[in-house]
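Visitor: Here's my sequence, what's the structure:
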Amino acid sequence: MECCQGGKAKLETYFTVHEVARKLRKSEISVSRWLREGKLPYTQVSERRRLISESDLQNFLDRRRVASPKKRVDVVNKHVASFEDRSLKTEDRAGDTREMDVKSLRKEISQLWR
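Guide: Model (predicted):
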């Protein structure tokens, strides 16, 4: 229950498993699995009836929002750039070890894939 202006209580909107499945274009089996696994909170109103609040459904969807591929690549590149000044210990097939900076290692790897 939420409180709004004037101190009047406002009931939140709730959806059945069927309604959530229809809204998300998923099967009721998938929605029931999310409930069972604890991924989507619900209110048990009777032995066989579960209701999902609108805010819980929105939170569930927000947690599954994925950045576009370009944004993900930018994030990866940013993290990789933070390792550029570090060195790594590498070992070849003969068991010989050597230290290499990340930039040189990336260059060597790219040459191997050509």
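
Visitor: Every contact and neighbour count from this point should use C-alpha atoms.
Guide: OK.

Visitor: Report how many residues lie close to the residue nearest to Arg49 when sequence neighbours are not counted.
Guide: Beyond its immediate neighbours in the sequence, the residue positioned closest to Arg49 (Cα to Cα, 6 or more residues apart in numbering) is Thr16, lying 7.7 Å away. A count of neighbours around Thr16, defined by other Cα atoms under 10 Å, yields 17.

Visitor: what's across from Thr16 in the sheet?
Guide: In this structure, Thr16 bridges to Leu51 when assessed by DSSP bridges.

Visitor: contacting residues for it?
Guide: Arg49, Arg50, Leu51, Ile52 (Cα atoms under 8 Å, 6 or more residues apart in numbering).

Visitor: per-residue confidence for the spatially closest residue to the last one that is not a sequence neighbour?
Guide: If I follow you right, that is Ile52. Using Cα to Cα, 6+ apart and skipping residues adjacent in sequence, the residue nearest Ile52 is Tyr42, 4.6 Å away. Tyr42 is assigned 96 on the pLDDT scale.

Visitor: got it, and Ala81?
Guide: 64.

Visitor: just to revisit the earlier point, how close does the residue nearest to Ile52 get to Lys103?
Guide: Tyr42 sits 50 Å away from Lys103, going by Cα to Cα, to the nearest Å.

Visitor: Name the residue in those two with the higher neighbour count.
Guide: Tyr42 (21 against 15).
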